Each structure stands twice: as structure tokens, then as C-alpha cells.
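Participant: model this:
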Amino acid sequence: MSIEKDLSVIAEQEARLVFPSFDAERALALGMRLRQMASARQAPVVIDISLISMPLFFTALSGATPDNPHWVRRKRACVFRFFRSSYGVGLSLKLKGSTLAETFGLPDADFAAHGGSFPIHVEGAGCVGAVTVSGLPQREDHALVVAALADELGLDPTSLALSG
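Facilitator: Numbers count the residues shown, from 1 in each chain. Have a look, this model is predicted:
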């Protein structure tokens, strides 16, 4: 698995995982889908779905820690700043040998370019929010979010999965 290959797949994920519309009911359905997927894996995660303007869904599963909501906040801030997945931003920076602080002057206390937060794109509107998971290794956080988004949109999750 190369960074370039992952970035190519992430670009496809970001292009294809687009909602025709998004509201509180859709957030609840997506949040419950994510919770069921995480529970089936006994994943100790926090799940957050927020619009840029307000939170819509939050849950913590058994084993999640008090640090997880802070990671959610920082990863979500990364998505809201760049309108890209936090994992994609992190891999792009890694490829350049840089960090958010070095390249953009963004403090680590407020931003995290680690996998697990993905933009909620709506056709004709762009990025309106983010869905974020924290508690697993970053690549797994990202994969869980992508699989749930694909399911929710009626797409084959395996066609959008990162390899390896």
C-alpha cells in the first residue's frame, strides 16, 4: 500500500460519497448504522456527526476513552478547514514530509490530520458537515466511516475500500 495509491482511492471516495440531501433524520440513520457496525466489531469508539453549524449525532461505545471526543473535535476541525477527509489531508502532508502546523500554522491542540473524519458532501452544496469516528487505529477509523457512508448511499463498500 503506497501513500499515492491510498490518496487516489480517497479522492474517489470523496467524489462518490455525496448525498442528494442531508438532514437530522439522515444523520440519525447514518449514526445508528455506524453504531451497529462498530458494535458488531466490538470497537471502542466515539461516533460524531455534525453539520458545520451544529451537532446532530453523538454516541460512545463501551471501551471508548475520554480522549476520543477530543480526537473527534480535532479531526472534524481538519475536515471543516479543508473540506477533505482528515486521513487524506494527513497522507498528503506525510507525502510532503510536513505537518498541519508547519504548512498551515494550525495548532495540534485544535486540528488533527489523522484518519476518521470524512466530509458530508451534498450535491450542489458542497461540504455541509462531517462524520467522525475515533478509537481505532486511524486507517481503521477511516475505513469504518467510508463503509458506513457507502452503505447509507447504496454503494458497494468494497469498491471504495483502501487496499491492504
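
Participant: for the chain, what spans make up the strands?
Facilitator: 18-19, 46-51, 55-60, 117-122, 126-134 (DSSP state E).

Participant: closest to Asp6 out of these?
Facilitator: strand 117-122 (14.0 Å; CB to CB). For glycine as for every other residue, the C-beta is placed from the backbone atoms N, C-alpha and C.

Participant: returning to what we had before: can you put the strands of the chain in a markdown table and add mean pLDDT and mean neighbour count?
Facilitator: Formatted as a markdown table, the strands of the chain follow (pLDDT from 0 to 100; neighbours: other CB atoms under 10 Å):
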| stretch | mean pLDDT | mean neighbour count |
| --- | --- | --- |
| strand 18-19 | 98 | 18 |
| strand 46-51 | 98 | 24 |
| strand 55-60 | 98 | 17 |
| strand 117-122 | 98 | 25 |
| strand 126-134 | 98 | 24 |
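
Participant: Tell me how far Met37 lies from Ala147.
Facilitator: 7 Å (CB to CB, to the nearest Å).

Participant: Do I have it right that Leu56 meets Ser50?
Facilitator: Yes - contact criterion CB atoms under 8 Å: Leu56 and Ser50 qualify, at 6.2 Å.

Participant: quick one, what contacts the residue positioned nearest the centre of the chain?
Facilitator: Residue closest to the average C-alpha location in the chain (CA atoms, centre = their mean): Ser117, at 2.1 Å. The contact partners of Ser117, by CB atoms under 8 Å, 6 or more residues apart in numbering, come to 72, 75-76, 78-79, 85-87, 130-133, 145.

Participant: Name all residues that make contact with Ala101.
Facilitator: Taking CB under 8 Å, 6+ apart, one finds Pro107, Asp108 in contact with Ala101.

Participant: can you check Ser50 too?
Facilitator: Here Ser50 is in contact with Leu56, Arg76, Gly129, Ala130, Thr132 (CB under 8 Å, 6+ apart).
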